[in-house]
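1. I need the structure of the sequence given here:
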Amino acid sequence: MREDELNRALVQQKAQEEALHRRERDLLIRELELVEREIHVVITQQTNNKPEKRKGKFRKSRLKQIKAGGGMNISGPCGN
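-> Below is the predicted model:
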C-alpha cells in the first residue's frame, strides 16, 4: 500500500518536472522571438533615419541677393 502511494507520487512529480521543462523551453523560444523582433525594429529605425538632402535653396537665395544688388559686386579697375 505504501509503495503504491510512493510510486504515484513519483510519477506525479516526474510529470510536473516534464511540464515545467516544456514550459521553460516554450518561454525561452518566445523570448528569443521577441528579441529577434526588437532587433529588427531597431535596425529598420536606424536605416530609415537618413538625413535629408539639400534642395539647393542656398543657391537660389544667393542668386536673388546678387540680382537685387545689381550684379556688380566687383570694383572697377583702378589706375596707378
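2. all helices for this protein, in order.
-> Along the chain, the segments classed as helices by DSSP state H run 2-48, 57-68.
3. tabulate those (a markdown table), appending distance to P77 and mean neighbour count.
-> Backbone N, C-alpha and C define where each C-beta goes, glycine included. Below are those laid out as a markdown table (distance: least, C-beta to C-beta, whole Å; neighbours: other C-beta atoms under 10 Å):
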| stretch | distance to P77 | mean neighbour count |
| --- | --- | --- |
| helix 2-48 | 56 | 10 |
| helix 57-68 | 21 | 10 |
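4. format those as CSV; extra columns: distance to C78 and mean pLDDT.
-> Converted to CSV, the helices of the chain look like this (distance: least, C-beta to C-beta, whole Å; pLDDT from 0 to 100):
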stretch, distance to C78, mean pLDDT
helix 2-48, 57, 94
helix 57-68, 23, 67
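5. what's the neighbour count on M1?
-> If you count neighbours by other C-beta atoms under 10 Å, M1 ends up with 5.
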